[in-house]
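>>> based on what follows, work out the 3D shape:
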Amino acid sequence: MKQLRTFLFATALCLGTISFATAQSKVAHINTQELISAMPEAKTAQAELETLGKTYQTDMQAMATEYQNTVKQYEAEASTKTDEENQKRGLELQEKQQRIQQFRIDAQQDLAKKEAELFKPIQEKAFAAINKVSKSLGYEYVLERTTLIVAEGKDILGEVKKELGI
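Sure, this is the predicted structure:
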């Protein structure tokens, strides 16, 4: 989403400059984030991401609980074990902690990948609808609303929502 915002900002900046140079161009604006969040597909995708995130969170909590129980057990038994055994147990705990950290990193990467996978077709559908509506209304340029300081052009969010049936 951040890359999309950056791209849209750059596009808006370029198009804004062009539109000032050619004062006869028709310019509209839209808040694509608001549009996408209103789409039923986005709500479904968000729910799927939340479910996946909760699954990862549950797994991480289980791993953390197991780690804490092992630490308590090793601390309770430390006085009855040799230094060599305690060092070996310390290494085991470090390895468990590293596995937990790696799992957290992998989970975050997987969630980001899944988000990109789920939202790409939604964004494409939204942009196709924006393009269709802007052409049908005769607009040459459509700028991202969230990056505009002054927006005197037509806001086509309502028309695009109508096109998408939302």
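>>> now for whichever helix or strand V133 is part of, which elements pack on it?
Secondary structure from DSSP states H and E places V133 in helix 83-137. On a contact count with 3 or more CB pairs under 8 Å, 6 or more residues apart in numbering; DSSP states H and E, helix 83-137 meets strand 27-30, helix 32-38, helix 40-77, helix 157-164. Glycine gets a C-beta too; all of them are placed from N, C-alpha and C.
>>> strand partners of the helix or strand just after that helix, parallel vs antiparallel please.
Using DSSP H and E, the next helix or strand after helix 83-137 towards the C-terminus is strand 141-144. Looking at strand 141-144 with DSSP bridges, its partner strands are strand 27-30 (parallel).
>>> same question for stretch 136-149, mean pLDDT?
Mean pLDDT, stretch 136-149: 83.
>>> buried residues in it?
Y139, Y141, V142, L143, E144, R145, T146, T147, L148 (16 or more other CB atoms under 10 Å).
>>> ok, those vs Q33, which is closest?
Of all the buried residues of stretch 136-149, Q33 sits closest to T146, with 6.4 Å by CB to CB.
>>> the spatially closest residue to that closest one that is not a sequence neighbour - how many residues pack around it?
Excluding its sequence neighbours, the residue lying closest to T146 (CB to CB, 6 or more residues apart in numbering) is N31, at 5.8 Å. Using other CB atoms under 10 Å, N31 is surrounded by 17 other residues.
>>> do you know how far N31 is from A107?
31 Å (CB to CB, to the nearest Å).
>>> what's the answer for E95, then?
For E95, the distance to A107 - CB to CB - is 18 Å.
>>> more neighbours: the two, which one.
Applying other CB under 10 Å to E95 and A107 shows that A107 carries more neighbours, namely 17 against 10.
>>> distance check, the nearest residue to the more buried one once chain neighbours are set aside against I156.
Once flanking residues are discounted, A107 sits nearest to Y56: 4.0 Å by CB to CB, 6+ apart. To I156, Y56 is 38 Å away according to CB to CB.
>>> and these two? Which one has more around it.
I156 (23 against 17).
>>> show me the contacts for that one.
For I156, the contacting residues are A28, H29, I30, I130, V133, S134, L137, Y139, V142, by CB atoms under 8 Å, 6 or more residues apart in numbering.
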